[in-house]
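In: predicted model and sequence follow; I will ask about them next.
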Amino acid sequence: MTSAQTAPVHVLWTGGWDSSWRVLDLALNQRRAVQPHYVRRDARKSNAHELAAMAAIRASVLRRHGAEAAGRIAPLIVGEYDTLDIPPQLRDWHQALRAHYDLSQQYIFLHAYAQVAGIAALELGVVRSDTLTDFLMPYLRADAEGWALAPTPALPAMELFRPFRFALLDVTKPEITRLAVRSGCLGELRLTHFCANPGPGGRPCGKCYPCKQTVAQGLGWRMPLGQRLRRLPVVGPWVGPVAQALRKAGIRR
């Protein structure tokens, strides 16, 4: 193993399916050290659920795979979105890229966080089925660790992505499921959280972008039964009234 491979891999861990798989794959299968990072934003309703998911995954790794495996996952480093100093250049790059792709603003503050934290290569969990993949690929260069921005991208504003690495661009969410089954860590992945606007107990709303992406990318089985039934043209219109009647009768779904 090279010195680069023995150094901790910095991963943005959101408590979701993709980044959790990367953390688990590195720690359990590749037996490499992982330094997870999380950027907390006060306005984000899912913070507590995401942090709880990561804690549950860590506890499960210790219980099911042992202290040595759990020890490869370093304590989570938490950055605060609301205290980040955002250089104007990042916003300018983001605005320029918006002319080519409907790019989320999260890459502005993630770049700022990587700068503040002194991270030259922060892995982001972007999988092959993400629409972002087609936009990124022409500007990336592959190596043994995944993909990173080419030294001189044809589109200068792509420098917004300079601190990031992408290790999952060649796999889909369903493929991650199969890999997790084979490697014995599907139990940990089932503890992940994905909804941005969760209800009581972290119940997925079924309407936010992450919920829609979870279904579109082949993990619809993770949605509660009621949410899945609502998508059926024949059953859907009846779900709400039936659920309301059950609640009035004191019966919980």
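Out: Yep, it's here.

In: which element, helix or strand, includes Tyr38?
Out: Using DSSP states H and E, Tyr38 maps to strand 34-40.

In: which other helices and strands does that strand contact?
Out: strand 9-12, helix 47-65, strand 77-80, helix 106-117 (3 or more CB pairs under 8 Å, 6 or more residues apart in numbering; DSSP states H and E). To be clear about C-beta, it is placed using only N, CA and C from the backbone, and glycine gets the same treatment.

In: any chance of the ones you listed in a markdown table with mean pLDDT as columns?
Out: A markdown table is the format used below for the helices and strands packed on strand 34-40 (pLDDT from 0 to 100):
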| stretch | mean pLDDT |
| --- | --- |
| strand 9-12 | 98 |
| helix 47-65 | 97 |
| strand 77-80 | 96 |
| helix 106-117 | 97 |
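
In: show me the strands in the stretch 51-200 of the chain, by range?
Out: Along the stretch 51-200 of the chain, the stretches classed as strands by DSSP state E, counting those that start in this stretch are 77-80, 122-124, 140-143, 146-149, 164-166.

In: got the ones you listed as TSV, with mean neighbour count and distance to Gly187 columns?
Out: Formatted as TSV, the strands of the stretch 51-200 of the chain follow (neighbours: other CB atoms under 10 Å; distance: least, CB to CB, whole Å):
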stretch	mean neighbour count	distance to Gly187
strand 77-80	14	25
strand 122-124	23	23
strand 140-143	12	31
strand 146-149	20	26
strand 164-166	23	26
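
In: closest one to Leu90 among the ones you listed?
Out: Comparison of these against Leu90 by CB to CB identifies strand 164-166 as nearest, at 12.7 Å.

In: dihedrals phi and psi, the closest residue to Ala7 other than its chain neighbours?
Out: Excluding its sequence neighbours, the residue lying closest to Ala7 (CB to CB, 6 or more residues apart in numbering) is Ala33, at 7.4 Å. The phi/psi pair for Ala33 (degrees, to the nearest 10) reads phi -80, psi 140.

In: can you report how many residues lie near Ala33?
Out: Ala33 has 16 neighbours, counted by other CB atoms under 10 Å.

In: quick one, what contacts it?
Out: 6-9, 26-27, 72, 74 (CB atoms under 8 Å, 6 or more residues apart in numbering).

In: if any of those are buried, give me the PyMOL selection for them.
Out: Selection of buried members from the contacts of Ala33 for PyMOL, criterion 16 or more other CB atoms under 10 Å:
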select buried, resi 9+26+27+72
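
In: ok, the contacts of Ala33 vs Trp17, which is closest?
Out: Leu26 (15.3 Å).

In: quick check: buried residues in stretch 31-41?
Out: 32-39.

In: and it, what's its mean pLDDT?
Out: Stretch 31-41 comes out with an average pLDDT of 97.

In: circling back: highest average neighbour count across the helices and strands packed on strand 34-40?
Out: strand 9-12 (a mean of 23; mean count of other CB atoms under 10 Å).

In: packing partners of that one?
Out: helix 17-24, strand 34-40, strand 122-124.

In: quick one: His111 and Leu149 touch, right?
Out: No: using CB atoms under 8 Å, His111 is not in contact with Leu149, being 11.2 Å away.

In: worst-scoring helix or strand of this structure, pLDDT-wise?
Out: helix 236-248 (a mean of 54; mean pLDDT, DSSP states H and E).

In: still on that earlier bit, same list (the helices and strands packed on strand 9-12) but as JSON lines, adding distance to Leu97.
Out: Shown next, in JSON lines, are the helices and strands packed on strand 9-12 (distance: least, CB to CB, whole Å):
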{"stretch": "helix 17-24", "distance to Leu97": "22"}
{"stretch": "strand 34-40", "distance to Leu97": "20"}
{"stretch": "strand 122-124", "distance to Leu97": "15"}
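
In: so where is the stretch 151-253 of the chain shaky, pLDDT-wise?
Out: 226-253 (pLDDT under 70).

In: pretty sure Pro174 is touching Gly218, no?
Out: Yes: counting by CB under 8 Å, Pro174 touches Gly218, with 4.2 Å between them.

In: since that was my last question, I'll sign off now.
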